[in-house]
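# dropping a prediction and its sequence here:
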Amino acid sequence: MLRGRFEFVYRDEQDAGTVAQLLELDNRVLPRKLTVRTVQEGKRVITSVEHESLGTFQATVEDLLFCERLIEDLLRV
């Protein structure tokens, strides 16, 4: 089983809450046996990823990083 924990820190709790909600929306439809959970803890957003396949795990991490960057860019506008 592959496991990863990713932490993002924002300037305030409101931004963190927005990012956490939007990332969690992206996690609603997942392949079998893939677990992705996103939570907010103050100014931090923490996402946990678990899967058996390296390919699926890697693609999920890439998607997570892409989505987080996109959301962060939109918050700056």
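In hand now; what should we look at?
# tell me, how many residues neighbour residue 67?
Residues lying near residue 67 (other CB atoms under 10 Å) number 17. All C-beta spots, glycine's among them, are computed from the backbone N, C-alpha and C.
# for the chain, which segments count as strands?
Secondary structure of the chain by DSSP state E: the strands cover 2-9, 35-41, 44-51.
# show me what the last one is packed against.
Judged by 3 or more CB pairs under 8 Å, 6 or more residues apart in numbering; DSSP states H and E, the packing partners of strand 44-51 are strand 2-9, helix 13-26, strand 35-41, helix 54-76.
# can you list those in TSV and add distance to residue 48 and mean pLDDT?
Listed next are those as TSV, based on distance: least, CB to CB, whole Å; pLDDT from 0 to 100:
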stretch	distance to residue 48	mean pLDDT
strand 2-9	5	97
helix 13-26	11	94
strand 35-41	5	96
helix 54-76	10	94
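# tell me which of the strands of the chain lies nearest to residue 69.
Closest of these to residue 69 is strand 2-9, at 9.9 Å (criterion: CB to CB).
# so which bits of stretch 55-71 are buried?
Of all the residues in stretch 55-71, those buried under the rule 16 or more other CB atoms under 10 Å are 56, 57, 60, 61, 64, 67, 68, 71.
# hang on, the earlier thing: can you tell me which of the strands of the chain is most buried?
strand 44-51 (a mean of 19; mean count of other CB atoms under 10 Å).
# that one vs strand 35-41, what angle?
Using axes from the mean of the first three to the mean of the last three CA atoms, to 10 degrees, the direction of strand 44-51 lies 170 degrees away from that of strand 35-41.
# neighbouring contacts of stretch 3-23?
Here stretch 3-23 makes contact (CB atoms under 8 Å, 6 or more residues apart in numbering) with 38-40, 42-50, 57, 61, 64-65, 67-68, 71-72, 75.
# quick one: terminal-to-terminal distance for that stretch?
Terminal residues of stretch 3-23 lie 18 Å apart, using CA to CA, to the nearest Å.
# repeat for stretch 1-14
Rule used - CA to CA; the end-to-end distance of stretch 1-14 is 34 Å.
# now do stretch 33-53
End to end - CA to CA - stretch 33-53 spans 9 Å.
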